[in-house]
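Q: Take a look and give me a structure for this.
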Amino acid sequence: PTIVHYASHDKPWNTYSISRLRELWWVYRDLDWSEIAFQRSDLNYFERSNQSKKQVMLVTWSADIKHLEYLVQRLPDWHFHLAAPCDCSEELISLSQYTNVTVYQNVLHSRIDWLLDDSIVYLDINTGGEVFNVVTRAQESGKKIFAFDITRKSMDDGLYDGIFSVERPDDLVDRMKNIEIE
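A: Got it, this is the predicted structure:
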């Protein structure tokens, strides 16, 4: 589209926007008009732009996510996508202070699919129930799935690429540091 008008109160420049064209807005945001009109005609409306292939996601109903801030700090070259189908707690929102964290509140199924497509790792490290069958969806998408022994949503060991003691988060950090990216 030549012009996109964001009519709702949920503007893509809002910090926690769930607007479906948010990423597109950020692609165009810093471009000069002449660059948009003449030099960037190859911009694809549906193309996603990932800065890193090291993408990890988790979906949660709960703010109780074991060692999340520790993982974010120890894995600065990984980008963490935290999604929740509800409003997020202040504790989760505060993780946005890290440049390698994006928080998605009130996330929709399509956004979860998008994040799963872009991620190579799914972390099953939150307490509480599974959201929208996402662990199974991650497995069906061929993602590596890691969990802590007390947070795993399935007792099927074959579902996971690693189950770690919640008392030893460094084991998970080491495993993620050793993942080979194609």
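
Q: number of nearby residues for Met176?
A: Residues lying near Met176 (other C-beta atoms under 10 Å) number 21. To be clear about C-beta, it is placed using only N, CA and C from the backbone, and glycine gets the same treatment.

Q: what residues go with each domain of the protein?
A: Per automatic domain parsing, the structural domains of the chain span 9-49, 55-177.

Q: By mean pLDDT, show me the worst of the ones you listed.
A: Taking the mean pLDDT of each of these, the lowest value is held by domain 9-49, a mean of 65.

Q: Out of the domains of the chain, which is the most enclosed?
A: domain 55-177 (a mean of 17; mean count of other C-beta atoms under 10 Å).

Q: List the residues that contact Arg137.
A: Counting by C-beta atoms under 8 Å, 6 or more residues apart in numbering, Arg137 makes contact with 112-113, 116.

Q: A strand includes it, no?
A: No: according to DSSP: H, G, I helix; E, B strand; the rest coil, Arg137 belongs to no strand; its state is helix.

Q: Check the gap between Glu90 and Gln97 for me.
A: Distance, Glu90 to Gln97, using C-beta to C-beta, to the nearest Å: 12 Å.
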